[in-house]
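1. Here's a sequence, model it:
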Amino acid sequence: MLALLSCSTAILHAQATTPAQTPGAPAQEPAGTSTDLFVMAGSDFDRPGLLPRANLNIGIGHTFGFLKKDPIGDELTFAYTYENSGSRGFFHTGFGEHTEQIGVMKNFSLPKTKVITGYTWVQEGITSYTGHAHVENRLDTGLSLGAIVHFNNNNSIWIQESYSKVVTVPWYTTTSVGYTYSF
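-> This is a model prediction of the structure:
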């Protein structure tokens, strides 16, 4: 009886454990895991006034397969943005603006299509105003809603609308179009 119990335990244990990885073989990532490099160009519309300003963004995001069912997000991002390279700076001043943000993005499918997907993106970061003898840092919060047009597994175009608020500055919106390479 003890031998039967030992064999049954060994068989159950063998079924529950994953096979050992071969030395030198790359680790397998969970399904749905990817890394995205993105470059976006857009225009800010500062409030009040609707004056357009340049918005250039570059970043990296990593999608975690095990977070696919998480309601908050499945992709963690880091982005750098330079805003207003025009003759008048951010919010109608002589400032330029540099922002470093971290964020969480939720990717979701749209009914009846696999070519277009949607996403929401919540970002938080530090905005640095330049153009004076000292740099002024402010908290920046952004919320985005967008669509991704997938050309294949690696190449896509993003289209998004963002609402942002910098502490001590009125809100502004940004409309952006960007290219993403996923691997």
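2. For the rest of this, base every contact and every neighbour count on C-alpha atoms.
-> Noted.
3. now the nearest residue to residue 142 once chain neighbours are set aside: how far from residue 157?
-> Spatial nearest neighbour of residue 142, excluding adjacent residues (CA to CA, 6 or more residues apart in numbering): residue 164 at 4.2 Å. Distance check for residue 164 against residue 157: by CA to CA, to the nearest Å, it reads 22 Å.
4. So which residue is smack in the middle of the chain?
-> Geometric centre of the chain, nearest residue: residue 77, 3.9 Å, by CA atoms, centre = their mean.
5. shouldn't that one be in contact with residue 106?
-> No - using CA atoms under 8 Å, residue 77 makes no contact with residue 106, being 10.8 Å away.
6. residue ranges with poor pLDDT in this structure?
-> Along the chain, the model assigns pLDDT under 70 to residues 1-31, 44-53, 84-95, 132.
7. Quick one: the strands in it, in order.
-> For the chain, the strands defined by DSSP state E occupy 34-46, 51-63, 75-83, 96-109, 116-130, 136-150, 155-166, 172-182.
8. export these to JSON lines and tack on distance to residue 69?
-> Below are the strands of the chain laid out as JSON lines (distance: least, CA to CA, whole Å):
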{"stretch": "strand 34-46", "distance to residue 69": "16"}
{"stretch": "strand 51-63", "distance to residue 69": "12"}
{"stretch": "strand 75-83", "distance to residue 69": "12"}
{"stretch": "strand 96-109", "distance to residue 69": "10"}
{"stretch": "strand 116-130", "distance to residue 69": "14"}
{"stretch": "strand 136-150", "distance to residue 69": "19"}
{"stretch": "strand 155-166", "distance to residue 69": "22"}
{"stretch": "strand 172-182", "distance to residue 69": "21"}
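9. The residue nearest to residue 142 - how many residues pack around it?
-> Look at residue 164: counted by other CA atoms under 10 Å, it has 19 neighbours.
10. so what's it bridging to?
-> With DSSP bridges applied, residue 164 shows beta-bridge pairing to residue 142, residue 172.
11. Now for it: which residues touch it?
-> Counting by CA atoms under 8 Å, 6 or more residues apart in numbering, residue 164 touches 140-143, 171-174.
12. One more pass at 7 Å, please.
-> By CA atoms under 7 Å, 6 or more residues apart in numbering, the residues touching residue 164 are 141-143, 171-173.
13. out of those, which one sits closest to residue 111?
-> Using CA to CA, residue 143 is the member of the contacts of residue 164 that lies nearest residue 111, at 23.2 Å.
14. bridging residues for the spatially closest residue to the closest one that is not a sequence neighbour?
-> Closest residue in space to residue 143, ignoring its immediate chain neighbours: residue 122 at 4.8 Å, by CA to CA, 6+ apart. Counting by DSSP bridges, residue 122 is bridged to residue 104, residue 143.
15. No further questions, thank you.
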